[in-house]
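**Q** Here's a sequence, model it:
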Amino acid sequence: MGRLVSVARALLAHVPPGGIHLSAEAAADTTDLVRLMPTDRAAMQAVAGLRSAGDGAVLPDPFGSFEAELGILRSLLVRARRQDAPHLVTILGDPGVGKTRFLADFVRDIQGEAVRVVRVRGGDAARWTVCDVLRAGCGLAVSDALDSRLDEVVRRVAGRGETAERLLRRLGLGNGYTGCDAYGADGAGRASSTEAMDAWCDLLGLIAREQPLVLCVDDVHAADEAVLGLIERLASLPEDVPLFILASARPGALRDRRPFWGSGLRHSGTLTLEWLPGEGPDHPLGPGRASEPAARETSGGRWGGRV
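**A** Just a heads-up that it's a prediction; the model follows:
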């Protein structure tokens, strides 16, 4: 390793600032993509620029989209499915950088994958409660009668034996509430709600085992405390649950509320979206790019349908 670093440093000493020099092997591999010119070293060639469309293949423009970041998410989704393990990825970015559009692009990007996608919103007038999130994760619309529809979901994923009956009892069906209803926006709930919330998480785990689940939560920095707690709780589910959670947030706002967000989780990470060239706080999203509106319906709509 030491010799390799020394050789690299020696080669860099001959490269002018902003220049790119290629070895003979690298030049042969990229001859259809870039224009080359000789250097004062016989074994090296300099990149003179990209080939135009008429010259042959053209490198993709790395500056017009978040394609590289989308590629990272695609790889992590593959990893979550291969390992059958919950993954939490927090997408950080300044207001207007394009976090909502980024999540929409990712959802569009995985169309046709054998996964179920649920999108919910944490902040503004369309903020979702913990019950909204749980309903969406179970594929229930806001208008569904919870008792009957939830019974159907439980028996579909847990069968019709004692396992299903025990899960239904833990969910509190028939007791006048279903666990999530006992939680306030501040995350506080009565003692009996704790077991019910564990049961909800177990149910979502069974649903994810039936079909890998991708949960996208936009503006999580503005979400209720109960929603924040639910996300970390879901990310802590056992290793045999293929659950992929994406949570977008403003970095400072989330850090102020949850300084240790995601810490201690086995599969948790952060991806920061920086401003694209030509954009910035004074020109958010750039020309022709618009944020995607929120919606609350969770059955077949943009924010809660199957993908």
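**Q** Now Ala46: which helix or strand?
**A** In this structure, Ala46 sits in strand 44-50 according to DSSP states H and E.
**Q** for the protein, which spans come out with low pLDDT?
**A** Residue ranges of the chain with pLDDT under 70: 1-4, 7, 51-64, 123-127, 142-147, 173-193, 282-307.
**Q** can you rerun that using 80?
**A** Within the chain, the ranges that satisfy pLDDT under 80 run 1-14, 17-18, 24-34, 40-43, 49-65, 122-127, 141-148, 172-194, 277-307.
**Q** Show me the strands in it, by range?
**A** Along the chain, counting by DSSP state E, strands occupy 21-23, 34-38, 44-50, 87-92, 116-121, 213-218, 243-249, 268-272.
**Q** Reformat the ones you listed as a markdown table; add mean neighbour count and distance to Glu152.
**A** Where C-beta positions appear, they are placed from N, C-alpha and C, glycine not excepted. Listed next are the strands of the chain as a markdown table, based on neighbours: other C-beta atoms under 10 Å; distance: least, C-beta to C-beta, whole Å:
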| stretch | mean neighbour count | distance to Glu152 |
| --- | --- | --- |
| strand 21-23 | 17 | 61 |
| strand 34-38 | 14 | 58 |
| strand 44-50 | 16 | 56 |
| strand 87-92 | 23 | 28 |
| strand 116-121 | 24 | 16 |
| strand 213-218 | 25 | 18 |
| strand 243-249 | 26 | 21 |
| strand 268-272 | 15 | 33 |
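**Q** Make a markdown table out of these and add distance to Ala13.
**A** As requested, those are arranged in a markdown table below (distance: least, C-beta to C-beta, whole Å):
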| stretch | distance to Ala13 |
| --- | --- |
| strand 21-23 | 11 |
| strand 34-38 | 18 |
| strand 44-50 | 12 |
| strand 87-92 | 37 |
| strand 116-121 | 50 |
| strand 213-218 | 47 |
| strand 243-249 | 43 |
| strand 268-272 | 33 |
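**Q** With respect to Arg257, which of those strands lies nearest?
**A** strand 243-249 (9.3 Å; C-beta to C-beta).
**Q** and Val227, which of the strands of the chain is closest to it?
**A** Once C-beta to C-beta is applied to the strands of the chain, the stretch that comes out nearest is strand 213-218, at 7.4 Å.
**Q** Might you calculate how far the strand holding Ala46 sits from the centre of the chain?
**A** When distances are taken as C-alpha atoms, centre = their mean, to the nearest Å, strand 44-50 is centred 37 Å away from the chain's centroid.
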